Structure formats: C-alpha cells, structure tokens
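> here are the coordinates; sequence isn't available:
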C-alpha cells in the first residue's frame, strides 16, 4: 500500500545527478554526485569492489522521492564477461545513521569495449522521505567476475548518472547568460555557483554564452553567489541570488575590446607587426597587425597588461597598459619600413619612381582573389571529388571550408554543411562577422545537418539532425535526404572528423567516408572533410588514399610572427601547383591570399 503522504503528483521530470571526481570539494580525489554537467576528463575505476559516490551538497530540507530511480552506467571489462551489477542508494543522516533507500541487482554481459549506450537500470516507484541535512550515497559494484571490470564517468562520451523523481521540486534551473558591456555573448566562460563559501555547481557557457545550472532551492537557506571566470580571471561576481523557481539571469562581465594601432618611426601604419598580450608572466594572446596597422584583442578582462611588440628583426618593445573599458592604444616603434631605405639615397625623381614601382609590386603581391584557389587546383574548380582539408589547430581549416561554401553558394551552387563542432546558428553568425553571410541561402540552396546540438543536450531546430554523432546509419540517411532535396551537384562540407576519432576506432570511420563519398560523387557532388595533423600516420595515409584532393594548411613563425599558408598536396589525375601560398583570415573576405597570382597559373604548375 502506498502511504497517503505520497499521493501527490511527482515533479514533471526527474533530477539527474552525474558521477564526478571532485577537484574543489574536500580532497582532490573525492567521488561525488552532483547536478554539474560532466567535467570533460574521463575517469574510471575497478568496480569488482564497491565504489561510493556522495551527494554534494547535502539536502537542506526534507525531500520526498515519489517515483522511479534510474541508473545509467558505462561499464567495460578486459574481455566480454557475464556479471551481476549492483547499484545501492542509501541515506546518511546528519547524525551519521545509514538508511537503505533503494537498489538494483541485474545480470548483464559486460562488453570489452566502451559502448556508446550505457547499461540502463530502473527501479520504482520508490517512496521515501530524505531528512533535512542528509546526504545520499550511491554504491556500485560488479559481482561474479574473475577479470577486471571498470566503471567510467565524468566525460560526455561516458556520463554515468542517476536520476531521481521527487514529489515536490527541490532543484530549480538557473539560466545564466554571460555578456560583455557591448552585449556580446561569451562562449567558454566558467560559471561557478557558491553557497556559504562552498561550491554548489560549476559549468561552462555554450556557444550562445549561456549555461543552465540545476541547483537546490534557497528556501529557508542561504542565498547564492555567482562567479564568472574568463581566461583565468574573475570578471563578474553577483551576490545574494534567491532561487525558489526557475529563473533567468544575465551577468555583465568586465571584459572589453582592446584595439592596438602600431605605427613606424614616422607615424605610418605598420602592418605585420607582432603583438603579444601578457598578463603578469602569462602570455594570453599573440597575433600580428593587419596592413593598416590595426589589431583587435576581443573581450580582454579588466586589468593591467604588458604588450610585447616586434617587427621583423627589430628589438622587442614592451609597453604597460591598463584595460578598464573599451581601449585603443597607439604604439609607435623606432623602426623604418623598407620603402624608406629604397627611397632615401636617390633623387626626388628616383624616389617617386621607386615608390610607384613598389606600390605597383605590392598591389600585385599582396591581396589576391579567392579565385586563386582554382589556379591551385589546376585551372578549374573541382567536381565529383572527395577532398581532405588537413591542418593543425588554428591553421584555418574551418574558415577555409566556410569560405569555399560561401563562394559556391554565391555562384548559384547548392551546399550542405555537416557540423559537430558548434551550433549551426552560431556558425552562421560567425560567418556573418567575417563577411560571409549565408543566411539568405538557407532552406533553398543550403542545409545544415546538426550533429552538435544532441551532444550539447539540446533539441536541434534544423530540418536535418543527428542526436548521436557516431550513429552513422542515421547520419547517412540525413545526408541522402539532404542530397535528394537539393539535387545533383551538391557540395557537402563535414567539419570535422576529429570528434569521431576520439570516440571510435578508425575502421568504421574509413568505411563511412568511403561509402558516403562514393554516394555523393555518384550524384556529381563533392565531399570536403577536415582532419587534424595529430592522427596516427597510418590513419592519415589511409585517409589520403580515400581522397581525390588534399588541401594542406599550416601555421608557422615568420620573423617571429605567426602566419598561415596552404598548398594543394595532391589532386588525382590533374596537373597542379604544389607551391605554398600565404593567407590571412580577415573580414569582409574571410580568406585573403597574399602572393603573385601569375606564379600559380596552371601553365607554371610545379
């Protein structure tokens, strides 16, 4: 018989508690249960002996469980083995008493590989009241095995968790959005919620600058404080936040854009000057000025900094600056640009002639149309090809693919962008900031296949989406559906393969790329996919074998300043240039090549 006190309606959805290894509560190795999202560092332990996870923080008032209690556990053994999984939940009261709450015991086949899907167990309805001041302890053990068995947690690929259905709501959602004072959202900010100087919750803002924190009610308890950290610096502290219902909160952070203008001895703009932003002894960012001498560091935390300025082989110049609002700093360096040396020894006529010739030469070798890429391809755009874009982190792979997509759409072609690195809306917005606005093409000539929202725990608004990136069957269906909707000649962009290689062995990925590439080429379309350089040499060699063309990007130091360049490493069955061409990423063109277009014409390919 169900006690009368539990006859009320259960809260709309269960509260999820993730398994964690704490790094700021108690000892660094304490295993806890909390509503924090996975911390991102995969943890594991032998579970042939009982392993306990303790709820943090303890409940501050009496709460009633009145529905199912479920467990999702990621388990693996050294070899496939039958075992008995036991998960027991107990209450430890404030005076140290231990009370049984619920538990499961089930025989399962523990696989030798860590599967995408967890072992799922549910029990209930469970009817229990947890006293104020108590905590919950979850104990997990795998019995009846004579080989090592492991439990995994704290990673988005293995987020082991427990879900409890409460009668009345005790946990509420605090939606926090971090913005600067220019109303720009802050992706990747760390948000920590504190109560009585103890961390209650921590997480990182998503691409739209927001985070959803599920934390206990402050009813009859202390209020919350929120701290926001950006690039290792505290940029906001909001105190005394009450939470007795779901609420939204915008936190304004003390971060500002810093514009650096570098000039030469005569006050002329100094392009390609190296600028490093240093906080204390910690380098924060390194870049170089554009050709107008300008450089912007976005969303710099309020504080004191040092600028380390350099130009070619000249001595480094250090300047101390303070950022307390939007800041513009002009730095004049004691250097002379090459045009001065070319002109000084000559007469006025020669000076004028030299300046004209130099200007003409620079106009010829500086900015080159993106059509140069067709020259690198051997004189014409690629069709019905599988193209691998390879480069180290920060080399410009994503922006290059976005630029190629924008270029094709502008010429009336059709494209599909498969993303697993960010939300499609954020990609469209980022492209717009670079001058590559594709919003007018969506729904007619452009579709996104969203493989990111599902991993972020959100419902995708896109027509085509995949909840789990490694679900190749569904991804193949979505690709085929998009291809049929747009027709022959559609170009597909897959950015990137990196998340796949962190989750799967190479063989199924190779099979998928080969199969989907053949399907797209069969409809006179092309497939562009990006990979990093950190893969195993054998894996890279196999990917190269699947590719009709390879575009290689790299970053390097040039006169102490980082620069980017690319080349066409391979095109099957076509003569092409293998020379490197430098490029930069800048609005409103996205990708800007720097060089002499004639050097890369097909007749001069080498």
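It's in. This is a predicted model, so every value here is computed, not measured.
> CA only for contacts and neighbour counts going forward, please
OK.
> let me know the secondary structure of residue 428.
Three-state assignment for residue 428 (DSSP: H, G, I helix; E, B strand; the rest coil): helix.
> any idea which strand is longest in this structure?
Taking DSSP state E as the criterion, the chain has its longest strand at strand 63-77.
> list the contacts of the helix or strand just after that one.
Using DSSP states H and E, the helix or strand that follows strand 63-77 towards the C-terminus is strand 81-92. Here strand 81-92 makes contact (Cα atoms under 8 Å, 6 or more residues apart in numbering) with 97-111, 130, 134-145.
> now do the end-to-end distance for stretch 246-258.
In terms of Cα to Cα, to the nearest Å, the two terminal residues of stretch 246-258 are separated by 36 Å.
> now do stretch 169-189: distance to the chain's middle.
In terms of Cα atoms, centre = their mean, to the nearest Å, the centre of stretch 169-189 is set 17 Å apart from its chain centre.
> residues near residue 62, how many?
12 (other Cα atoms under 10 Å).
> gap between it and residue 168?
For residue 62 relative to residue 168 (Cα to Cα), the value is 10 Å.
> report the contact partners of residue 272.
Counting by Cα under 8 Å, 6+ apart, residue 272 has contacts 288-291, 293, 311, 561.
> any chance of those in CSV, plus secondary structure?
Putting the contacts of residue 272 into CSV (three-state DSSP) gives the following:
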residue, secondary structure
288, strand
289, coil
290, coil
291, coil
293, coil
311, coil
561, strand
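> just those: which has the poorest pLDDT?
Lowest in pLDDT among those is residue 561, which has 67.
> hmm, back to that, please pick the buried ones from the contacts of residue 272.
288-290, 293, 311, 561 (16 or more other Cα atoms under 10 Å).
> in those residues, find the pair that's most separated.
293 and 561 (14.1 Å; Cα to Cα).
> partner strands of the longest strand of the chain, with direction?
When pairing is defined by DSSP bridges, strand 63-77 lines up against strand 119-130 (antiparallel), strand 149-153 (antiparallel), strand 161-166 (antiparallel).
> by how many degrees do that strand and strand 81-92 diverge?
150 degrees (axes from the mean of the first three to the mean of the last three Cα atoms, to 10 degrees).
> beta-bridge partners for the residue lying closest to residue 87 once chain neighbours are set aside, please?
Nearest non-adjacent residue to residue 87, counting by Cα to Cα, 6 or more residues apart in numbering: residue 140, 4.6 Å away. Using DSSP bridges, the beta-bridge partners of residue 140 come out as residue 51, residue 87.
> pLDDT on stretch 173-193, on average?
Mean predicted lDDT for stretch 173-193 stands at 93.
> in that stretch, which residues are buried?
So for stretch 173-193, counting by 16+ other Cα under 10 Å, buried means 173-174, 176-181, 185-193.
> now residue 186, nearest residue through space, not along the chain?
residue 209 (4.6 Å).
> same thing with residue 506?
Nearest to residue 506 is residue 539, by Cα to Cα, 6+ apart, at 7.0 Å.
> any idea which element the one you found lies in?
Element membership of residue 539 [criterion: DSSP H and E] is helix 537-546.
> identify all contacting residues around that helix.
By Cα under 8 Å, 6+ apart, helix 537-546 touches 386, 388, 506, 510, 513-514, 550.
> likewise for stretch 399-418?
So stretch 399-418 is contacted by 431, 436-438, 441, 445-451, 482-483, 486, 489-495, 528, 585, 590-591 (Cα under 8 Å, 6+ apart).
> try 7 Å this time
436, 438, 445-450, 486, 490-495, 590-591 (Cα atoms under 7 Å, 6 or more residues apart in numbering).
> swap in stretch 301-311?
Residues outside stretch 301-311 that contact it (Cα under 7 Å, 6+ apart): 233, 235, 254-256, 273-280, 316-324.
> quick check, central residue of this protein?
residue 421 (5.4 Å; Cα atoms, centre = their mean).
> OK, contacts around that residue?
residue 452.
> quick check on it: phi, psi?
phi -110, psi -20 (degrees, to the nearest 10).
> kindly report the same for residue 293.
phi 80, psi 0.
> and the gap between it and residue 264?
9 Å.
> any weak-confidence spans in the protein?
Applying pLDDT under 70 to the chain flags residues 1-12, 23-29, 313-315, 337-366, 378-380, 558-561, 596-606.
> where along it do the helices fall?
Per DSSP state H, the chain carries helices over the ranges 338-343, 348-365, 372-376, 397-410, 424-433, 472-486, 498-503, 506-522, 537-546.
> and those helices: which comes nearest residue 49?
Smallest distance to residue 49 across the helices of the chain (Cα to Cα): 27.5 Å, for helix 498-503.
> bridged to the nearest residue to residue 98 once chain neighbours are set aside, which residues?
In space, and not counting its chain neighbours, residue 98 is closest to residue 92: 4.5 Å by Cα to Cα, 6+ apart. Beta-bridge pairing for residue 92 (DSSP bridges): residue 98, residue 135.
> likewise for residue 81?
Counting by DSSP bridges, the residues bridging with residue 81 are residue 110.
> could you measure from it over to residue 200?
38 Å.
> OK, contacts around the closest residue to residue 305 other than its chain neighbours?
Setting aside the residues directly before and after it, residue 305 is nearest to residue 279 in space (Cα to Cα, 6+ apart), at 4.9 Å. By Cα under 7 Å, 6+ apart, the contact set of residue 279 is 304-306.
> filter these down to the buried ones, PyMOL style.
A single PyMOL command is used to select the members of the contacts of residue 279 judged buried by 16+ other Cα under 10 Å:
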select buried, resi 305+306
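> just put the contacts of residue 279 in JSON lines and tack on distance to residue 214.
Formatted as JSON lines, the contacts of residue 279 follow (distance: Cα to Cα, whole Å):
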{"residue": "304", "distance to residue 214": "35"}
{"residue": "305", "distance to residue 214": "36"}
{"residue": "306", "distance to residue 214": "39"}
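> mind listing what residue 419 touches?
So residue 419 contacts 449-452, 494-495 (Cα under 7 Å, 6+ apart).
> from these, which is closest to residue 162?
residue 452 (23.7 Å).
> hang on, isn't the closest one packed against residue 423?
Yes: applying Cα atoms under 7 Å, one finds residue 452 in contact with residue 423, separated by 6.0 Å.
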